[in-house]
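Colleague: No letters, just coordinates:
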């Protein structure tokens, strides 16, 4: 297994932000152990998808789902990062509500 740093891009997340419904996007980094970059992408996306701070607050309808995908995947040295490091979400506006 190798260690990967994965930059996840989230788009089209409908959230109640500052008491107002807004469509937001974000970037977040996760470090995972995986056999290859494809497995690293799946592991990192699943970590973000299951994050209760995100999962419990998404208000999208089924016909307008939010999207998650890996923007960058980098293999790193074992000493460069700890698995499941929580770097927090960097939010940006993502269109109209």
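Modeller: Yep, it's here. Computed from a predicted structure; not experimentally measured. Numbering: from 1, shown residues only.
Colleague: rest of the way, CA atoms for contacts and neighbours
Modeller: Will do.
Colleague: Look up phi and psi at the closest residue to residue 70 other than its chain neighbours.
Modeller: Nearest residue to residue 70 in three dimensions, chain neighbours excluded: residue 8, at 4.5 Å (C-alpha to C-alpha, 6 or more residues apart in numbering). With angles defined as degrees, to the nearest 10, residue 8 sits at phi -100, psi 140.
Colleague: Cross-check the contact I'm expecting between residue 8 and residue 69.
Modeller: Yes - using C-alpha atoms under 8 Å, residue 8 is in contact with residue 69, at 5.6 Å.
Colleague: The two: which is more packed in?
Modeller: Set residue 8 next to residue 69 and count neighbours by other C-alpha atoms under 10 Å: residue 8 wins out with 22 against 16.
Colleague: What about residue 52? Give its phi and psi, please.
Modeller: phi -60, psi -30.
Colleague: and what of residue 33?
Modeller: According to degrees, to the nearest 10, residue 33 has phi -100, psi 130.
Colleague: tell me the pLDDT at it?
Modeller: With respect to pLDDT, residue 33 scores 94.
Colleague: Not counting its neighbours along the chain, what's nearest it?
Modeller: Using C-alpha to C-alpha, 6+ apart and skipping the chain neighbours, the partner closest in space to residue 33 is residue 3 (4.5 Å).
Colleague: rewinding a little: can you list residues touching both of residue 8 and residue 69?
Modeller: residue 45 (C-alpha atoms under 8 Å, 6 or more residues apart in numbering).
Colleague: follow-up on the earlier one: the residue nearest to residue 70 pairs with what?
Modeller: Bridge pairing for residue 8 (DSSP bridges) gives the partners residue 28, residue 70.
Colleague: what's the distance between it and residue 63?
Modeller: Noted for residue 8: a distance of 22 Å to residue 63, by C-alpha to C-alpha, to the nearest Å.
Colleague: so where's the chain shaky on pLDDT?
Modeller: Residues of the chain that meet the criterion pLDDT under 70 lie in 80-86, 95-97.
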